[in-house]
Each structure stands twice: as structure tokens, then as C-alpha cells.
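Asker: sequence and predicted structure are below.
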Amino acid sequence: MSRAAAAKAAPEGGLISVAIPKGRLLGEASLLFERALGVSPKRLLENTRKLAADSPEHGLRFISIRAADVASYVEHGAADVGVAGLDVLREEPRDLYEPLDLGIGRCQVIVGRPRNARPLPRGVAPRVATKYVNLAARHFARKGIPAEIIPLHGSIEVAPSLGLADLIVDITETGETLRANGLVVEETVLEVSARLIVNRVALKLHAERLRRLVEALRSVAEA
Ligand code: PRP
């Protein structure tokens, strides 16, 4: 489409920008948009190095964002809408509207421990390796256990076997990474799925268009 034609097709008020997560959520999130609106953000974004791709006929601009950063972009209005996992949203609560459970990206945040670990002596604080420092701290505080939280950015499951931690708090989906590292689930901290998130100002500015977007996604998410 030519630039002039695109400008003509773009709805009044400009394009609604949608932060689409890279990584494990990309495929499922993209499929939802494709089913709901007939546009695949994955395919659009594959064809550009710009990390942003427009679909003027749908009134949307898709932006490719790291999953952990989507909520930040939407809270600050750099994107109007986004797709973010409940793990990220509960780890760092933000001032956002969460109108829809998209039912994708299902996994759990769990406490994991080595399969053959002996219980720690009473009164000894477990060392807990995690990238979910707030979720982990809240979980152990609720249980009255004085845990020592060890913040990491990845490869969490290897920490116990290397002596860095007694326990981990991390997400698990298939359980394969836990098994491969000799870990078992001790308890579940949070059941996770991806949510549609919306910037609060955008919700007022584009009320009708966002309502239609939410409803279109809801009808496929609930199908
Ligand atoms: C997550 C998580 C586990 C793994 C669990 O990592 O941290 O390592 O997936 O999945 P499984 O139960 O299906 O084996 P991810 O691949 O998202 O990468 P990251 O560690 O870089 O966040």
C-alpha cells in the first residue's frame, strides 16, 4: 500500500500501538490476533528490522518488545496495548488496565527443590535463586519463612546443583527443565496466563476502538 493510501486508510486518531512480546508468547499471541482480526503480528514483524510494523487497514501498529518490558511500555504510554504474562504483572505491579485473560502462555511460577535434598535444619533460612525476587520474597514472607533471595537473570535451575541456592522460584511449563536438572516442584506460587493490558489514558482517548479490539480478542480467547 502506498503511503498516501495508508494515511487514508488509517482511522481518525492514528494507529493503536500494540506491544507484542518476543519469545515464547509470540506465536500464540500472534495467532490470537490473526483469528480475531485477520492480521498476524509475527508475519508483519518478521519482514522488518525496525521492530515496528503497521497494519493501517486494521488501524494497528505492532511493536516487538521483550516480554519483561511490555508492561513498562504500556504503563508509560509508549504503547497503547500489550500482551504480558501474569508472572511479569504480579512481579512488578503497575498502573494498568487488565481487561482480558487471553488464555495463552499457560505455565506456573513454582518453588523447586533438588529431588533428593534433605530438609534444612530448623531456623536456617533457605537460599532462593530467582528472577522473580518480589514474588519469591512475598511468598516466603506469607509463610513466615525468612528466605535469602538470590537474584538471577536466567539459568535458574542450575543454581542448586552448583551450591548457589537451596531452592528456586521460577516458571515451569512442561517440567522438562526441572527434570533435566534434578529438581521437583515443592509448591505452586502462581498460575500464569497472558493478559491483554491497556494504558489508562489510551483507554479514555480511544474508548470505542479499544472496546472493539478487546471484544474481538475476547471472542477468540474464550472460544
Ligand atoms: C523458562 C524458565 C525455565 C523454562 C521452563 O525459561 O525460566 O527455564 O522456561 O520451561 P519447561 O518447564 O517447559 O522446561 P525461558 O525459556 O522462558 O527463558 P529464560 O530463562 O531466558 O527466561
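Answerer: Everything's here; your move.
Asker: use CA for all of it now, contacts and neighbours both
Answerer: Fine.
Asker: mind checking the SS state of Leu45?
Answerer: The three-state label given to Leu45 by DSSP: H, G, I helix; E, B strand; the rest coil is helix.
Asker: report the contact partners of it.
Answerer: Leu45 makes contact with Leu51, Ala52, Ala53, Phe62, Ile63, Ser64 under the criterion C-alpha atoms under 8 Å, 6 or more residues apart in numbering.
Asker: nearest residue to the first one in space, please, no chain neighbours.
Answerer: Nearest-residue entry for Leu51: Ser64, 5.1 Å, with adjacent residues in sequence omitted and distances by C-alpha to C-alpha, 6 or more residues apart in numbering.
Asker: just the strands in this structure please.
Answerer: 16-21, 52-55, 60-65, 81-85, 97-101, 107-114, 127-130, 148-151, 167-172, 183-192, 194-198 (DSSP state E).
Asker: other SSEs contacting the first one?
Answerer: Contact here means 3 or more C-alpha pairs under 8 Å, 6 or more residues apart in numbering; DSSP states H and E; on that basis strand 16-21 packs against strand 60-65, helix 70-75, strand 81-85.
Asker: and the second one, what's its mean pLDDT?
Answerer: When pLDDT is averaged along helix 70-75, the result is 98.
Asker: and for that helix, what's in contact with it?
Answerer: Residues outside helix 70-75 that contact it (C-alpha under 8 Å, 6+ apart): 19-21, 79-84, 88-89, 94-96, 197-200.
Asker: and if you look at the first one?
Answerer: Contact with strand 60-65 is made by 15-22, 41, 45, 51-55, 79, as judged by C-alpha under 8 Å, 6+ apart.
Asker: same thing with the last one?
Answerer: Strand 81-85 has contacts (C-alpha under 8 Å, 6+ apart) with 16-21, 29, 67-68, 70-71, 74, 105, 192-199.
Asker: and if we set it to 6 Å?
Answerer: Val18, Ala19, Ile20, Ser193, Ala194, Arg195, Leu196, Ile197, Val198 (C-alpha atoms under 6 Å, 6 or more residues apart in numbering).
Asker: give the burial count for the second one, as a bare number.
Answerer: The number of residues packed around Ala19, counting by other C-alpha atoms under 10 Å, is 28.
Asker: same check on the third one?
Answerer: Neighbour count of Ile20, defined by other C-alpha under 10 Å: 27.
Asker: run through the bridge partners of it.
Answerer: Bridge pairing for Ile20 (DSSP bridges) gives the partners Ser64.
Asker: residue contacts, it?
Answerer: Neighbours of Ile20 in contact, by C-alpha under 6 Å, 6+ apart: Ile63, Ser64, Ile65, Val83.
Asker: swap the cut-off to 8 Å and go again
Answerer: Leu26, Ala29, Pro41, Phe62, Ile63, Ser64, Ile65, Ala67, Val70, Gly82, Val83.
Asker: mind checking how far the first one is from Arg118?
Answerer: With distances taken as C-alpha to C-alpha, to the nearest Å, Leu26 is found 40 Å from Arg118.
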